[in-house]
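Colleague: any chance you could fold what I've pasted below:
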Amino acid sequence: MTDEKTNPQKSEVDLEDMVASSDSGARKPLGAPGRLLVGVAAAWSLFQLWIASPLPFMVGFGVFNATESRSIHLAFAIFLAFLAYPAFQRSPRDRIPLPDWGLALVGAFCSLYIFIFYDALAQRPGAPILQDVIVGITGILVLLEATRRALGPPLMIVASVFILYTLLGPYMPGILAHRGVSLYGLINHQWLTTQGVFGIALGVSTSFVFLFVLFGALLDKAGAGNYFIKVAFSLLGHYKGGPAKAAVVASGMTGLISGSSIANTVTTGTFTIPMMKRVGFSAEKAGAVEVSSSVNGQIMPPVMGAAAFLMVEYVGISYVEVIKHAFLPALISYIALIYIVHLEALKANMKGLPSSNPARPFLNKAIGFLTGLLLLMGLSFAVYYGLGWLKPVLGDATPWVVGIILAVVYVGLLKLGSFYPELELDDPASPVINLPQTRPTVMVGLHYILPVVVLVWCLMVERLSPGLSAFWATVLMIFIMLTQRPITAFFRGRSRLAADIKEGFVDLWDGLIAGARNMIGIGIATATAGIVVGAVSQTGVGLVLADVVEILAMGNLLLILLFTALLSLILGMGLPTTANYIVVSALMAPVIVLLGQQNGLIVPLIAVHLFVFYFGIMADVTPPVGLASFAAAAVSGGDPLRTGFQAFYYSLRTAALPFLFIFNTDLLLIEVNWLQGMVIFVIATIAMLIFAAGTQGYFLVRSRWYESLLLLLVAFTLFRPGFWMDRIHDPYRSVPPQQFVEALGNVDEDSQLRVQIEGLNPYGEPMTTYIQVPVPRGDTAEERMQRLGLELLTEDDRTLVDFVEFGSTAEDLGFDFDQEIVEVLAPVDRWAKEWMWLPGFLVFGLVVLLQRRRRQRQPSTAQAA
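Modeller: Next comes the predicted model:
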């Protein structure tokens, strides 16, 4: 084990400063400036709660439209950015220099310009005057400086490059050239409309993201962060490599509510990394496990580093659909990481930490787990169907009755928790650690689950907007913060009513401030990333990138995806999660859609966005810019680059998933029923565990090279059985274009035709692409064609699109007048692709047999391994 003295831990103050520097601002001014800073931060949180609540509409006061809200939101973010983030490393931390006051006020005014002069700007759309242009130029420059301070140079440089590209289009070389934009046109597009800085990204930050970040901050201040960590350690700490497994679970639970990889790494890593080192992990491996699990929190719904809310706007599907599609890959990735940790523990013959739980036979543990699971499922069904029956009976009184039930459950859980001792955070540097007992640890904090239940209920069942759902969950969280101490003290027979209430208000105040300070970087990031989005829409640079990727990949579909993944990784380096997703989705998602269709790969848009999002997130892990790896190395005392490379090695499972769900969208639960979904989850989890064993070179014993290859082959077969079935039997048969109507009438209603067309793209350039045509309902081919809204014309052996009905399915699919239908592919009856799982499992059985024989022959060697 690495000696603690040779690798001294960073002090708690240093770690807090590291997180503050990247997330909430390192400056803590004294006196009146300090009080103003925290006061403005709290005011921002209260403003966001106000506009999210129904109160403005009830009282008829303080109602802001979307553009006005974005303007005020950005004004708060820029003002606080210059107060909270020092200009340079050597700048003072305990006071605010005069230039920073000036920049804060100027930036806030420029942001509020749209709000203050809203009516005047509405009278001159697209025709800015000199005053507008001066304010816009100043605002963009101040925003870029705020970005540099809060997020570092990368995003500022990216945004600056796109501004220059917009202005200097005619002077660009080759395919990069475009007709250019005037300065007035640039400012109008980027600052005075909702196409650039004040676009969709800032709107999502204003409407949804702030409330979820605030909710997470309040939950953490109330004690839920400590609770999650303690529960994870009580459940898993005594197993082989237990602290690392607990770190994965704790980071996963923290990642549910966190929007920052770095904050997640340091928050849980301060406790988990020293304990991982104690049971035998090297400093680099301990840091890498924490980085992998913390960064994985950014792909885990419901927040996904705020990207989930942006996907709603960019993909055009509901929030519930985004959660459904993103959940399975994220869960599988976490399960695989726990297994990787288990394999590392087996390799090094590690032990767990001493458990405080009373010894129980395995059967009793299994029965206890199943009983708890059944009780939880029964409670879920009772709540779901019970409220479903109550709502028609109670009518308008339903919210009040539900509120009373929640209050009774809350008090009951506090009463239950009062029978157990309060949670105390152990010192991870102490020589002896006794893990907490599971039952008391779980019971004492069950009331923290209630706000999460309310959030999920409002989102999934009531189908409220994400913003309103987070508002009601936050309201309950505030109520819990103010009342949990006095009620628990009452049940424990203590009389500290005034002090307990005061502590609750202090926690609430700190939570409001922490939520706002955590949002500074996100607010700035969404505004600056809006510059990139605005430049893409104004210059058409997305098509240029598509051309570049197509030239490099030479039309090869797998190379197209590899180059897109690499570009997403590069673009994501140094960017926070939110800005990361905005940039890569604006630039790279259209590349996959366009080039994929041209090469016969038709993928749902959500799969494309998740693909680029996953690889953008991988930048937080990947050296040399992996910020989370540097944070983990600061805690572990290990080498940052070696930590980053080890974390990337552990994260190969996350890098493999996007390629798999691009080719097999079943993993995203697209067009599958619940029974199919359960089968897919089980098989995909087994496949990912086999993939982890193959990449780690260890299964039952250390794997030989050919065994690792066989394991990877099995994993691929389980993930994508259609690849092998397509080789055995083509899923489509070619139909002459002249027989398009007959083909439409001969296939089942729930199937699809693949149609290759040639024509002109919106820019008047020749293009060839594929369209997936869903077969409409209808008894005859002609009736189906009518429902499709398409009429064809055959002349000289060519089949042309003669008419496309306005607003029809055909128009939505991309059919247009005078396009030529080159090829029609109709589905054929064949064996289900899932039959290919059988040979996959047979090969897996062979590897198991080989390794079991080797382990039996060399038991001592296998154990030492």
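
Colleague: can we go C-alpha only for contacts and neighbour counts from here?
Modeller: Will do.

Colleague: from Y649, how far off is the closest residue to Y650 other than its chain neighbours?
Modeller: Across the structure, with Cα to Cα, 6 or more residues apart in numbering as the measure, the residue nearest Y650 apart from its sequence neighbours is S292 (6.8 Å). For S292, the distance to Y649 (Cα to Cα, to the nearest Å) stands at 9 Å.

Colleague: one more: I570?
Modeller: The spacing between I570 and Y649, counted by Cα to Cα, is 18 Å.

Colleague: re earlier: let me see the contact set for the residue nearest to Y650.
Modeller: In this structure, S292 makes contact with L337, V621, A647, F648, Y650, S651, judged by Cα atoms under 8 Å, 6 or more residues apart in numbering.

Colleague: L689 too?
Modeller: The neighbourhood of L689, defined by Cα under 8 Å, 6+ apart, consists of I335, A336, Y339.

Colleague: at 7 Å instead, please
Modeller: A336, Y339 (Cα atoms under 7 Å, 6 or more residues apart in numbering).

Colleague: would you map out the domains in this structure?
Modeller: As recorded under automatic domain parsing, the domains making up the chain are 541-686, 687-699+706-731+831-865, 732-829.

Colleague: re earlier: so of the contacts of S292, which ones are in strands?
Modeller: Counted as lying in strands by DSSP state E, out of the contacts of S292, is not a single one.

Colleague: can you name the two of the residues you listed that sit furthest apart?
Modeller: Checking these against each other with Cα to Cα, the farthest-apart pair comes out as L337 and V621, at 14.5 Å.

Colleague: more neighbours: which of these two?
Modeller: V621 (30 against 27; other Cα atoms under 10 Å).

Colleague: that older thread, in a markdown table: the domains of the chain, plus mean pLDDT and distance to T526.
Modeller: Output for those, formatted as a markdown table (pLDDT from 0 to 100; distance: least, Cα to Cα, whole Å):
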| stretch | mean pLDDT | distance to T526 |
| --- | --- | --- |
| domain 541-686 | 82 | 6 |
| domain 687-699+706-731+831-865 | 86 | 34 |
| domain 732-829 | 84 | 29 |
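
Colleague: so which of the contacts of S292 comes closest to G34?
Modeller: V621 (34.6 Å).

Colleague: isn't the closest one up against S629?
Modeller: Yes - counting by Cα atoms under 7 Å, V621 does reach S629; the two are 6.0 Å apart.

Colleague: overlap in contacts of these two?
Modeller: Common neighbours of V621 and S629, using Cα under 7 Å, 6+ apart, are V291, G644.

Colleague: helices of the stretch 751-865 of the chain, start to end?
Modeller: Read by DSSP state H, counting those that start in this stretch, the stretch 751-865 of the chain holds these helices, from start to end of the chain: 781-788, 809-813, 837-857, 859-864.

Colleague: so which elements touch the biggest helix by length in the chain?
Modeller: With residue count as the measure and DSSP state H as the assignment, the chain has helix 497-539 as its longest helix. Helices and strands in packing contact with helix 497-539 are listed as helix 31-52, helix 66-84, helix 130-151, helix 153-167, helix 200-204, helix 210-222, helix 466-491, helix 577-587; criterion 3 or more Cα pairs under 7 Å, 6 or more residues apart in numbering; DSSP states H and E.

Colleague: and whatever helix or strand comes next after it, what's buried?
Modeller: Using DSSP states H and E, the helix or strand that directly follows helix 497-539 along the chain is helix 541-553. Counting neighbours by 16 or more other Cα atoms under 10 Å, one finds that the buried residues in helix 541-553 are V541, G542, L543, V544, L545, A546, D547, V548, V549, E550, A553.

Colleague: in a markdown table: these, plus distance to V279.
Modeller: As requested, the buried residues of helix 541-553 are arranged in a markdown table below (distance: Cα to Cα, whole Å):
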| residue | distance to V279 |
| --- | --- |
| V541 | 52 |
| G542 | 50 |
| L543 | 52 |
| V544 | 52 |
| L545 | 48 |
| A546 | 49 |
| D547 | 52 |
| V548 | 49 |
| V549 | 47 |
| E550 | 49 |
| A553 | 46 |
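
Colleague: out of those, flag the one nearest to G722.
Modeller: A553 (23.9 Å).

Colleague: that closest one and L561 touch, don't they?
Modeller: No - under the criterion of Cα under 7 Å, A553 lies out of contact with L561, with a separation of 8.9 Å.

Colleague: any weak-confidence spans in the stretch 151-300 of the chain?
Modeller: Counting by pLDDT under 70, the stretch 151-300 of the chain contains low-confidence residues at 255-260.

Colleague: the strands in it, which residues?
Modeller: Counting by DSSP state E, counting those that start in this stretch, one finds no strands in the stretch 151-300 of the chain.

Colleague: and the helix or strand harbouring D726 with helix 837-857, angle?
Modeller: Mapping D726 onto the secondary structure by DSSP H and E places it in helix 721-728. Using axes from the mean of the first three to the mean of the last three Cα atoms, to 10 degrees, one finds that helix 721-728 and helix 837-857 are set 120 degrees apart in direction.

Colleague: mind listing what's buried along stretch 641-649?
Modeller: Taking 16+ other Cα under 10 Å as the criterion, stretch 641-649 shows L641, R642, T643, G644, F645, Q646, A647, F648, Y649 as buried.

Colleague: tell me the pLDDT at the residue minimising distance to the centre of the chain?
Modeller: Ranked by distance to the mean C-alpha position of the chain (Cα atoms, centre = their mean), the top residue is M304 at 2.3 Å. The confidence metric pLDDT takes the value 73 at M304.

Colleague: and it, how far from N673?
Modeller: 25 Å.

Colleague: picking up where we left off before, so which of the helices and strands packed on helix 497-539 is the most packed in?
Modeller: Using mean count of other Cα atoms under 10 Å, the stretch among the helices and strands packed on helix 497-539 with the largest mean neighbour count is helix 577-587, at a mean of 27.

Colleague: list the helices and strands it packs on?
Modeller: Secondary structure elements in contact with helix 577-587, counted by 3+ Cα pairs under 7 Å, 6+ apart, are helix 497-539, helix 557-572, helix 605-617.

Colleague: redo that, cut-off 10 Å
Modeller: If you count contacts as 3 or more Cα pairs under 10 Å, 6 or more residues apart in numbering; DSSP states H and E, helix 577-587 packs onto helix 153-167, helix 200-204, helix 307-315, helix 497-539, helix 541-553, helix 557-572, helix 589-598, helix 605-617.

Colleague: output it as CSV, restricted to C-alpha atoms.
Modeller: The C-alpha coordinates for helix 577-587 follow below in CSV (Å, rounded to 0.1, in the frame of the first residue of the first chain):
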residue,chain,number,x,y,z
THR,A,577,-21.1,19.3,-19.6
THR,A,578,-23.8,21.7,-20.7
ALA,A,579,-21.6,23.7,-23.1
ASN,A,580,-20.0,20.5,-24.2
TYR,A,581,-23.3,19.0,-25.4
ILE,A,582,-24.5,22.3,-27.0
VAL,A,583,-21.3,22.5,-29.1
VAL,A,584,-21.0,18.9,-30.1
SER,A,585,-24.7,18.5,-30.9
ALA,A,586,-24.8,21.7,-33.0
LEU,A,587,-21.7,20.7,-35.0
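
Colleague: how far out from the middle of the chain is it?
Modeller: The gap between the average C-alpha position of helix 577-587 and the chain average comes to 11 Å, counting by Cα atoms, centre = their mean, to the nearest Å.

Colleague: just checking, R830 touches R733?
Modeller: No - applying Cα atoms under 10 Å as the test, R830 and R733 come out as separate, 11.5 Å apart.
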